[in-house]
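In: Whatever this is, show me its structure:
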Amino acid sequence: MANANNETPCCIGDRLEYGSMGRELKVGGVDMYLATPKTPTKKGVVVYIDVYGWKLPNTRYIVDMIANNGYVAILPDVFEGAEPWSADRDWSGFLEWVKTKDPNKIHP
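Out: Numbers count the residues shown, from 1 in each chain. Got it, this is the predicted structure:
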């Protein structure tokens, strides 16, 4: 994650070293990461992942920040266990990888 000490953006593969405050769970057969605020609330946010997947520490950090601001935050594995994109891969294959992801598919 880019910041004042490290200007390398996560889009080229810089992984934040982060321990996360939430937990993983399965709801309706879908893996998810859940972070809850210290004070109970009925407000919530569903965070949609980027190409790097739901296990990337950088994304979980954002989910935890949302929870620290008073919202229940959930991060589903929208790839349903399929391999997310890796910054180590050859970017010339990215468009082919994207074609395997159907944005119109809705989990039953």
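In: got the contact list for D50?
Out: Neighbouring residues of D50 by Cβ atoms under 8 Å, 6 or more residues apart in numbering: L56, T59. C-beta: built from backbone N, CA, C; applies to glycine.
In: and it, helix, strand or coil?
Out: Three-state assignment for D50 (DSSP: H, G, I helix; E, B strand; the rest coil): coil.
In: and it, what pLDDT?
Out: D50 carries a pLDDT value of 84.
In: and what of the one 10 residues further on?
Out: At R60, the pLDDT value in this model is 91.
In: Pull out the buried residues from the helix or strand that contains it.
Out: Following DSSP states H and E, one finds R60 within helix 57-68. For helix 57-68, burial by neighbour count (16 or more other Cβ atoms under 10 Å) applies to P57, N58, T59, R60, Y61, I62, V63, D64, I66, A67.
In: again with stretch 73-89
Out: Neighbour count says stretch 73-89 has A73, I74, L75, P76, D77, V78, F79, P84, W85 buried, by 16+ other Cβ under 10 Å.
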